[in-house]
Structures are given as C-alpha cells and as structure tokens.
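K.L.:
Provided below are the primary sequence and the corresponding predicted coordinates.
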Amino acid sequence: MSKPSKSFIRGLPKAELHIHIEGSLEPEQLFEFAKRNGVDLPFPDVEACRAAYSFTDLQSFLDIYYQGAAVLQTEIDFYELMEAYLRRAHDDGVRRAEIFFDPQTHTDRGITFDVFMGGFSRAIRDVEIELGISADLIMCFLRHLSGSDAVATFEQARDHLHQFIGVGLDSSEVDQPPEQFVEAFELAHRAGLHLVAHAGEEGPPDYIIGALDALGVQRIDHGVRSEEMPELVRRLAADTVPLTVCPLSNLELGVVSDLNEHNLKRLMDQGILVTINSDDPAYFGGYIADNYIAIVDALELDRNDVIRLARNSFNAAFVTTERRDIWLAEIDDFVDQHEQGDQL
Ligand code: HPA
Ligand code: ZN
C-alpha cells in the first residue's frame with residue numbers, strides 16, 4: 001500500500017471533533033484583537049509570541065492559552081476567531097466540525113454568554129452558508145474549577161441550550177477526577193445534550209473509566225493512556241467508544257517524547273475507533289491536515305489507514321445517519337477519483 005500524498009490527505013473529506021476554538025487564536029489575530037481592545041501583551045511582536053510557544057506539559061500550555069484568551073472581548077472578536085478557524089478547516093477537507101469553547105474563561109472576565117455565543121453562532125451560520133461546512137459547539141467545563149462552578153455555568157447557559165449540542169470537560173487533568181462533575185453532566189444529560197470529556201491525556205486510565213461510568217460520556221478526548229490498561233482497551237473497542245486523538249498536541253505537551261512512539265496505530269490495531277484532531281492548532285504547530293501528515297510520516301501509515309481514520313471521524317460525529325452516509329459516500333468518491341488519477 002502506497003504512502004498517501006499530502007494533497008490526498010488534505011483533500012480527503014473528514015470531521016474534526018477535538019478543537020478548542022480559543023486554541024485557534026493565531027498570534028497575528030492575538031495582536032490585532034489586543035490592539036483593537038487596548039490590551040497590553042507580554043510580547044513585543046508576533047515572532048516573540050510564537051517563540052514563547054514552547055511547552056513542557058499541559059499546565060505550561062494552559063497558562064499561556066488562558067492569557068491569550070484575555071484579548072477576546074467583543075462579539076466581533078469571537079465572530080472573527082470562529083470564522084478564521086472554519087475557513088482553515090474547510091481548506092483541510094473538513095466537512096463537519098464539533099468545536100469546544102470554554103465559557104468560564106470568558107465569564108470570569110465579565111464577558112457574558114450573549115457576547116461569545118452571539119459571535120460563534122453568527123460565524124458558524126455565515127460560513128456554513130458560504131462554504132457548506134457543518135459545525136456545532138460543545139461547551140466545556142474547566143476542571144481546575146469546582147463541580148459547583150460547573151453547575152453554575154450550566155445554569156448560566158440555560159438560555160443558550162439551542163446554540164450547542166453537548167458538554168465536555170477540559171483544562172488541568174492531574175488530581176482533578178471526573179467524579180467531581182457528576183451533577184453538571186447529569187443536568188446536561190437531562191437537557192438532551194451529548195457528553196464527552198478529556199481523560200487519559202496526562203491523567204491516569206482510571207479517569208477514562210470515571211468519565212465513562214460516572215459522567216456517562218459518549219466519546220473520550222485524548223484517551224491515549226488507556227493503553228496502560230488492557231481491559232480498558234478491550235472495553236473501548238467492544239463498546240465502540242471513540243477516542244479523539246491529537247498527535248501534535250501530545251508531542252508539544254510531552255505526552256509522547258517522539259511522534260514515532262505514538263500509540264495511535266496500536267490503539268487502532270486493537271479495534272478502537274480512533275480519530276485525528278488538532279486540539280489547539282495555533283499553539284501546537286498545525287491544523288488537522290498537518291496532524292494527519294505528521295502522524296502518517298512518523299508511523300508510516302498507509303492510504304488505507306488514512307481512509308479508515310477519516311471514516312472513523314464521521315462515524316464518531318454527533319450527526320444523523322443520513323448526513324453521515326452522505327459524507328462517507330463522499331470519501332468513497334474521493335478515493336475512487338484518486339485511484340483513477342493515479343492510474344493515468
Ligand atoms: N487538554 C486539556 N485542556 C485543554 C486542552 C487539552 O489538550 N486544550 C485546551 N484546553
Ligand atoms: Zn483538548
């Protein structure tokens with residue numbers, strides 16, 4: 001089986017299921033918004049800002065990521081942030097995006113739900129109409145804050161339930177077990193929302209079990225540390241629990257020391273529904289296609305692996321069977337066309 005070309009990877013229809021919109025804030029936009037809103041930045045210019053993006057672990061990244069989010073203040077900022085991400089995703093073959101946002105990062109600064117939800121929703125609608133990309137939002141609770149903060153955040157979001165399709169759990173994982181967030185997830189479940197959680201990125205595989213059993217999540221974000229517990233790997237495979245894996249994030253945050261040691265292929269080979277995603281593309285050196293390309297190179301994945309990963313992304317998406325089948329058929333058409341092209 002041949003190695004897939006970069007243009008094949010970029011053009012292949014795919015879904016992105018693990019992207020934090022605040023993590024798509026490129027330094028250029030950071031400076032633009034800071035200027036517009038009169039915010040002082042600790043960097044003299046874009047180059048110095050990029051140079052500061054060197055992380056040792058999740059917390060060292062989160063410190064800079066939350067600092068960056070402080071430039072987001074008006075509805076226009078949130079609109080332009082979302083618009084820029086959707087255009088980039090579209091260029092990478094993304095047909096469907098399920099996008100995390102961190103409301104507490106904004107409400108704690110006095111920015112209300114109306115401001116960021118208005119900007120996000122308007123941008124999604126406009127770009128959907130223009131480019132045909134389908135997108136929905138997933139609201140994440142910050143796990144370095146308390147379970148009761150998460151409940152209060154859910155109550156603040158009540159007027160906006162029509163503007164997001166699920167809830168998730170992110171931020172510092174170590175020593176923050178999922179069980180602290182049972183009440184907030186129960187409220188979300190009762191409201192008919194989808195449930196996902198970051199687990200087993202830096203935290204132990206037990207947190208994956210906690211996310212499944214205590215929170216009732218349908219997908220695990222990251223989940224790479226599941227490999228340490230063979231019975232958990234068997235469970236994820238048997239129950240078809242998708243993992244939203246983010247290779248460049250794992251490399252940049254030291255979850256793996258080298259991409260060629262990444263367990264993505266081993267997890268696939270054990271029957272887990274693995275997907276590839278960008279996490280925080282402005283901070284980790286690339287959008288979704290860059291993540292596919294990097295892991296294909298590092299693990300010498302072949303064309304069939306890449307096609308399977310793209311199919312997995314639609315199979316793991318929160319969409320109707322009708323829409324899923326249309327996108328899966330698009331993959332088949334794309335592959336057929338490329339095979340004919342290769343033979344010419
Ligand atoms: N893990 C936890 N929290 C996050 C991440 C992540 O990879 N990205 C943004 N918030
Ligand atoms: Zn993440």
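P.N.:
Noted; the coordinates are in hand. Numbering: from 1, shown residues only. Ligands and ions are numbered 1, 2, ... in the order given.

K.L.:
CA atoms for contacts and neighbours, from now on please.
P.N.:
Will do.

K.L.:
show me what from the stretch 101-250 of the chain comes close to ligand 1.
P.N.:
For the stretch 101-250 of the chain, the residues in contact with ligand 1 (CA under 6 Å from any ligand atom) are Asp170, Ser171, Ser172.

K.L.:
quick one: which of those residues sit in strands?
P.N.:
Asp170 (DSSP state E).

K.L.:
which residues of this protein fall in strands?
P.N.:
Going by DSSP E, the chain shows strands at 14-20, 94-101, 134-142, 166-170, 194-199, 219-222, 243-245, 274-276.

K.L.:
can you add mean neighbour count and mean pLDDT and give these back as CSV?
P.N.:
Conversion of the strands of the chain to CSV gives the following (neighbours: other CA atoms under 10 Å; pLDDT from 0 to 100):
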stretch, mean neighbour count, mean pLDDT
strand 14-20, 27, 99
strand 94-101, 24, 99
strand 134-142, 23, 99
strand 166-170, 24, 98
strand 194-199, 26, 98
strand 219-222, 27, 98
strand 243-245, 27, 99
strand 274-276, 29, 99
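
K.L.:
make a markdown table from those strands and add distance to Asp332 to it.
P.N.:
A markdown table is the format used below for the strands of the chain (distance: least, CA to CA, whole Å):
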| stretch | distance to Asp332 |
| --- | --- |
| strand 14-20 | 12 |
| strand 94-101 | 14 |
| strand 134-142 | 19 |
| strand 166-170 | 29 |
| strand 194-199 | 28 |
| strand 219-222 | 25 |
| strand 243-245 | 22 |
| strand 274-276 | 18 |
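
K.L.:
tell me which of those lies nearest to Asn37.
P.N.:
strand 94-101 (20.7 Å; CA to CA).

K.L.:
show me what the closest one pairs with in its sheet, parallel or antiparallel.
P.N.:
Strand 94-101 pairs in its sheet with strand 14-20 (parallel), strand 134-142 (parallel), by DSSP bridges.

K.L.:
where do the helices sit along the stretch 201-344 of the chain?
P.N.:
205-210, 230-238, 247-252, 264-269, 281-284, 288-299, 303-315, 321-343 (DSSP state H, counting those that start in this stretch).

K.L.:
in CSV, list those helices along with mean pLDDT.
P.N.:
Listed next are the helices of the stretch 201-344 of the chain as CSV, based on pLDDT from 0 to 100:
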stretch, mean pLDDT
helix 205-210, 98
helix 230-238, 98
helix 247-252, 98
helix 264-269, 98
helix 281-284, 98
helix 288-299, 98
helix 303-315, 98
helix 321-343, 90
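
K.L.:
now those as JSON lines including distance to Leu137 and mean neighbour count?
P.N.:
Listed next are the helices of the stretch 201-344 of the chain as JSON lines, based on distance: least, CA to CA, whole Å; neighbours: other CA atoms under 10 Å:
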{"stretch": "helix 205-210", "distance to Leu137": "22", "mean neighbour count": "22"}
{"stretch": "helix 230-238", "distance to Leu137": "24", "mean neighbour count": "17"}
{"stretch": "helix 247-252", "distance to Leu137": "21", "mean neighbour count": "24"}
{"stretch": "helix 264-269", "distance to Leu137": "26", "mean neighbour count": "17"}
{"stretch": "helix 281-284", "distance to Leu137": "17", "mean neighbour count": "24"}
{"stretch": "helix 288-299", "distance to Leu137": "17", "mean neighbour count": "20"}
{"stretch": "helix 303-315", "distance to Leu137": "16", "mean neighbour count": "21"}
{"stretch": "helix 321-343", "distance to Leu137": "17", "mean neighbour count": "13"}
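
K.L.:
can you put these in CSV and add distance to Ala150?
P.N.:
Conversion of the helices of the stretch 201-344 of the chain to CSV gives the following (distance: least, CA to CA, whole Å):
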stretch, distance to Ala150
helix 205-210, 17
helix 230-238, 27
helix 247-252, 25
helix 264-269, 31
helix 281-284, 26
helix 288-299, 29
helix 303-315, 28
helix 321-343, 32
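
K.L.:
before we move on, back to that, closest to Val319 among the residues of the stretch 101-250 of the chain next to ligand 1?
P.N.:
Asp170 (22.5 Å).

K.L.:
wouldn't the closest one be in contact with Met139 here?
P.N.:
No: using CA atoms under 8 Å, Asp170 is not in contact with Met139; the gap is 9.8 Å.

K.L.:
run the chain-centre distance for stretch 48-62.
P.N.:
How far stretch 48-62 lies from its chain's middle: 18 Å, per CA atoms, centre = their mean, to the nearest Å.

K.L.:
near ligand 1 at all, that stretch?
P.N.:
No: applying CA under 6 Å from any ligand atom, one finds stretch 48-62 separated from ligand 1 by no less than 6.6 Å.

K.L.:
now the phi/psi pair for whichever residue of the stretch 151-300 of the chain sits closest to ligand 1, please.
P.N.:
For the stretch 151-300 of the chain and ligand 1, the shortest gap (CA to the nearest ligand atom) falls at Ser171, measuring 3.3 Å. Ser171 adopts backbone torsions of phi 80, psi -170, taken as degrees, to the nearest 10.

K.L.:
then the one 4 residues further on?
P.N.:
Main-chain torsions, Asp175, degrees, to the nearest 10: phi 70, psi 10.

K.L.:
count of neighbours near it?
P.N.:
Look at Asp175: counted by other CA atoms under 10 Å, it has 11 neighbours.

K.L.:
if we ignore the residues flanking it in sequence, what's nearest it?
P.N.:
Gly203 (7.7 Å; CA to CA, 6 or more residues apart in numbering).
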